[in-house]
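Visitor: how would this look folded up:
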Amino acid sequence: MRWLLLILALVLSPARADEALWPALRGGGHVLLIRHAQTDPGVGDPPGFRLEECATQRNLSAEGRAQARALGAVLRARQVPLGEVLSSPWCRCVETAELAFGRAQTWDALSNLHGRPQNAAEQVRAMRPRIAAHRGADNLVLVSHGSTAGALTGEYPAMGEVLVLKPQPPGFRVVGRISLP
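Guide: Numbering: from 1, shown residues only. Presented below is the predicted three-dimensional model:
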């Protein structure tokens with residue numbers, strides 16, 4: 001019941017974003033880089049975690065599940081067309097995508113870089129052309145981690161926050177943020 005009230009509160013209050021951003025998103029051609037929703041306390045994952053076993057990872061909290069649902073509801077209410085939904089293979093990212101959008105395809109390039117900075121250059125090299133190449137009437141959705149968003153953009157979104165990217169070959173530029181209150 002508590003999460004239902006939280007969802008209603010988040011959906012009924014406007015998402016914080018520049019109002020000029022919404023029409024641009026309705027026109028498609030953008031990339032929504034989302035940091036996974038709110039998790040249980042802590043940073044990183046417990047020692048010995050395994051990607052194939054969600055119970056060994058730091059996962060979404062009840063508030064995070066509600067936050068993910070609310071994000072999806074806000075984007076639907078704002079009539080933002082969504083295309084492919086790609087997610088880090090970490091369970092908190094997959095769950096965020098599935099709760100918000102009903103689907104997720106994992107992509108290793110979106111993997112967590114916390115404690116793995118040696119992977120940053122390779123992952124950014126994989127993400128950059130995919131983002132730069134996005135075209136069309138829908139928006140590409142990428143669900144990842146703060147460390148990964150930071151390595152890619154130099155910006156560190158809060159949990160559940162969206163960085164809106166505009167493809168500009170050979171890369172992109174950050175054109176805005178969407179935050180739920």
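
Visitor: Any regions of the chain where pLDDT drops low?
Guide: Scanning the chain for pLDDT under 70 picks out 1-17.

Visitor: Glu95 contacts Asn59, correct?
Guide: Yes: the criterion here is Cβ atoms under 8 Å, and Glu95 meets it with Asn59 at 7.1 Å. Where you see a C-beta, it was placed from the backbone N, CA and C, and this is true even at glycine.

Visitor: what about the two, which has more around it?
Guide: Glu95 (22 against 17; other Cβ atoms under 10 Å).

Visitor: separation between that one and Ala68?
Guide: Note on Glu95: its distance to Ala68, by Cβ to Cβ, to the nearest Å, is 7 Å.

Visitor: what helices or strands is the helix or strand harbouring Pro129 leaning on?
Guide: Assigned by DSSP states H and E, Pro129 belongs to helix 120-132. Other helices and strands packing on helix 120-132, by 3 or more Cβ pairs under 8 Å, 6 or more residues apart in numbering; DSSP states H and E, are strand 139-144, helix 146-153, strand 162-168, strand 171-178.

Visitor: Asn139 is in contact with Val80, correct?
Guide: Yes: counting by Cβ under 8 Å, Asn139 is a contact partner of Val80 at 6.3 Å.

Visitor: Could you tell me which residues touch both of those two?
Guide: Jointly contacting Val80 and Asn139 under the rule Cβ atoms under 8 Å, 6 or more residues apart in numbering are Leu25.

Visitor: max-length helix in this structure?
Guide: Of all segments of type helix in the chain, defined using DSSP state H, the longest is helix 62-77.

Visitor: now Glu19: how far from Pro47?
Guide: Separation of Glu19 from Pro47 (Cβ to Cβ) stands at 45 Å.

Visitor: Would you point out which residue is most central in the chain?
Guide: Residue closest to the mean C-alpha point of the chain, counted by Cα atoms, centre = their mean, is Ile34 at 1.7 Å.

Visitor: Which strand or helix spans it?
Guide: Applying DSSP H and E as the criterion places Ile34 in strand 31-35.

Visitor: That strand pairs with which strands, and in what direction?
Guide: Here strand 31-35 has these sheet partners by DSSP bridges: strand 139-144 (parallel), strand 162-168 (antiparallel).

Visitor: who's in contact with that strand?
Guide: With Cβ under 8 Å, 6+ apart, strand 31-35 has contacts from 25, 71, 75, 82, 96-97, 100, 131, 134, 139-146, 149, 152-153, 157-167, 172, 178.

Visitor: Can you turn the buried part of the residues you listed into a PyMOL selection?
Guide: Command for PyMOL that selects the buried part of those, burial taken from 16 or more other Cβ atoms under 10 Å:
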select buried, resi 25+71+75+82+96+97+100+131+134+139+140+141+142+143+144+145+146+149+152+153+157+159+160+161+162+163+164+165+167+172+178
